[in-house]
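Chemist: here you go, sequence then predicted model.
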Amino acid sequence: MSAAAASTIAALRAASIPLGEGDDRHDAILDLVGDARFVLLGEASHGTHDFYFERAAITRRLVRERGFTAIVVEGDWPDAYRVNRYVRGRGDDRSAGDALSGFRRFPQWMWRNTVVADFVEWLRGHNASRSDGRGDGATGDGVGFYGMDLYSLHTSIESVLRYLDAIDADAARRARSRYACFDHFGAEPQAYGYAAASGITETCEDAVVRQLVELQRLSASADQSEVGDAVAETLFSAAQNARLVANAERYYRSMFRGRVSSWNLRDRHMAETLEAIVEHLDRDGTPAKVIVWAHNSHLGDARATEMGRGGELNVGQLARERFGDDAVRLIGFSTYTGTVTAADDWDEPGRRMRVREGMVGSYERLLHEVGLPRFILPLRGSGQEVEEARRALATPRLERAIGVIYRPGTERMSHYFHASLPAQFDAVIHLDETSALIPLEREAVWETAEPPETYPSAL
């Protein structure tokens, strides 16, 4: 090992805080959060148990000890809103598993897993213990659970229509007429996107925007003191579904114009949803404090990555720009090796796979060489040790990102990119060896033994 490499590792070890097993193991994270209103907790894959487990544990402490009022996840609005109703004591679901059953779209394991189910039950119990007795699902009933993604075009249409059917038959007829624009393309919005982007059909843009404007006006005109918190919350949800439909319509058309366009539209939608939730919760006069759960690629400031240099932005960057650096904390996760729940390709069954050791020249390899099995690495603050760690990490390195698909045979091309960690995150939690997330429904392929590290090149 060179003298420079040894110096870098020594600086990182000096700044690192070992992560134990006790309830106080995240004290350093809470200290880092301070008075921030937004804590964005990442993950280096969508299928690692340890990331979800630690993220849930941090969230419980932020809720109990720092008064955070909402969790916003990288999931679709209508599916997450069903969970929101459950954790606030509303709806007909009798368990977290039932409440999470709206997450049917691939990859189901991303939210239908044992860690999220346990957390949802905890959140329901927490809210019940602090309820003011109304039990109407209003913002005063405790911590909410919301989704910020935009893949639920048809489910969101159904939610808007169901809401309008209950309150205004004429408004429901207008909405059906506008949304009928999608009827010719079946359940696959990509078919619409291709036809519209190719000029084969007229776009549905005007129709969905008109519907959005109508619901936004209705929501804005509602006097919460007259309609009640629960009604205002339901109307807010309907307006969010209408906004999702409008942005999803644009997203599916943008898919055929290149990655940067569709990525930016999606992350702008997520950031706008976060802002809308904050504005809605702020209506009671108490500033909302929000925790976000999403992949590192959405939360680590895009300006510190090669994707950002290529024109991409993300939620972490937009949150810092909108709310200010002092109000936002970006916390990433990292692992060196272990197992992960992922698929070989889109819409295929999730299975347990072996994660290859971090590549030479990567942050994963460097953090492994620190020699601690689990630790927190602060990257924000003025202390000498933190400053030296930031300087040691300033030169961009490779960083790994595993989504719902894992391709170890082409890992460098498929899963690594260059980034500058200190500018990307305020802290990183490194868990050297991790295990696969456990889905609530495990198909036979998941239960089989892990493939060898050479997969798929050994076939």
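Modeler: Nice, I can see it.

Chemist: ok, longest helix in this structure?
Modeler: The residue-count maximum for a helix in the chain (DSSP state H) belongs to helix 229-254.

Chemist: dump the next helix or strand after that helix to PDB, restricted to CA.
Modeler: Per DSSP states H and E, the first helix or strand lying C-terminal to helix 229-254 is helix 259-281. This file holds the C-alpha atoms of helix 259-281, laid out as PDB (Å, rounded to 0.1, in the frame of the first residue of the first chain):
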ATOM      1  CA  ARG A 259     -32.600   9.200 -20.400                       C
ATOM      2  CA  VAL A 260     -31.800  12.700 -19.200                       C
ATOM      3  CA  SER A 261     -35.200  14.100 -20.100                       C
ATOM      4  CA  SER A 262     -37.200  11.300 -18.500                       C
ATOM      5  CA  TRP A 263     -34.900  11.100 -15.400                       C
ATOM      6  CA  ASN A 264     -35.200  14.900 -14.800                       C
ATOM      7  CA  LEU A 265     -38.900  14.900 -15.200                       C
ATOM      8  CA  ARG A 266     -39.300  12.000 -12.700                       C
ATOM      9  CA  ASP A 267     -37.000  13.600 -10.100                       C
ATOM     10  CA  ARG A 268     -38.700  17.000 -10.500                       C
ATOM     11  CA  HIS A 269     -42.000  15.300  -9.900                       C
ATOM     12  CA  MET A 270     -40.700  13.700  -6.700                       C
ATOM     13  CA  ALA A 271     -39.300  17.000  -5.500                       C
ATOM     14  CA  GLU A 272     -42.500  18.800  -6.300                       C
ATOM     15  CA  THR A 273     -44.400  16.100  -4.400                       C
ATOM     16  CA  LEU A 274     -42.200  16.600  -1.400                       C
ATOM     17  CA  GLU A 275     -42.800  20.400  -1.600                       C
ATOM     18  CA  ALA A 276     -46.600  19.900  -1.900                       C
ATOM     19  CA  ILE A 277     -46.600  17.600   1.100                       C
ATOM     20  CA  VAL A 278     -44.700  20.200   3.200                       C
ATOM     21  CA  GLU A 279     -47.100  23.000   2.100                       C
ATOM     22  CA  HIS A 280     -50.100  20.800   3.000                       C
ATOM     23  CA  LEU A 281     -48.800  19.800   6.400                       C
END
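
Chemist: name the helices or strands packed onto the longest helix of the chain?
Modeler: If contacts are counted by 3 or more CB pairs under 8 Å, 6 or more residues apart in numbering; DSSP states H and E, helix 229-254 sits against helix 77-87, helix 153-167, helix 189-197, helix 205-221, helix 259-281. In this view, the C-beta of every residue, glycine as well, is placed from N, C-alpha and C.

Chemist: now the second one: how far from the chain's centre is it?
Modeler: Read that as helix 153-167. The gap between the average C-alpha position of helix 153-167 and the chain average comes to 24 Å, counting by CA atoms, centre = their mean, to the nearest Å.

Chemist: just want the angle from that helix to helix 77-87.
Modeler: Between helix 153-167 and helix 77-87, the angle comes out at 60 degrees (axes from the mean of the first three to the mean of the last three CA atoms, to 10 degrees).

Chemist: and what of the third one?
Modeler: Comparing the axes of helix 189-197 and helix 77-87 via the same axes, to 10 degrees yields an angle of 140 degrees.

Chemist: pull out the buried positions in helix 189-197.
Modeler: For helix 189-197, burial by neighbour count (16 or more other CB atoms under 10 Å) applies to 189, 192-197.

Chemist: same check, this time on the fourth one
Modeler: Of the residues in helix 205-221, those buried by neighbour count under the rule 16+ other CB under 10 Å are 207-209, 211-212, 214-215, 218-219.

Chemist: can you redo the helices and strands packed on helix 229-254 as TSV with distance to Val115 and mean pLDDT?
Modeler: Compiled in TSV, those are given as follows (distance: least, CB to CB, whole Å; pLDDT from 0 to 100):
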stretch	distance to Val115	mean pLDDT
helix 77-87	14	97
helix 153-167	24	95
helix 189-197	29	88
helix 205-221	34	89
helix 259-281	21	95
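
Chemist: distance to Arg354 added to those helices, as CSV?
Modeler: CSV is the format used below for these (distance: least, CB to CB, whole Å):
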stretch, distance to Arg354
helix 77-87, 30
helix 153-167, 35
helix 189-197, 32
helix 205-221, 44
helix 259-281, 28
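
Chemist: whichever strand or helix holds His368: what's the following helix or strand?
Modeler: His368 belongs to helix 363-369 when assigned by DSSP H and E. The helix or strand immediately downstream of helix 363-369 is strand 374-378, counting by DSSP H and E.

Chemist: list the contacts for the closest residue to Thr203 other than its chain neighbours?
Modeler: Excluding the flanking residues, the one nearest Thr203 by CB to CB, 6 or more residues apart in numbering is Ala196, at 4.5 Å. Ala196 is in contact with 202-204, 252-253, counting by CB atoms under 8 Å, 6 or more residues apart in numbering.

Chemist: 10 Å instead?
Modeler: By CB atoms under 10 Å, 6 or more residues apart in numbering, the contact list for Ala196 reads 181, 185, 202-205, 249-250, 252-253, 256.

Chemist: are any of those residues buried, and which?
Modeler: With neighbours counted by 16+ other CB under 10 Å, these contain buried members at 181, 185, 203-204, 249-250, 252-253.
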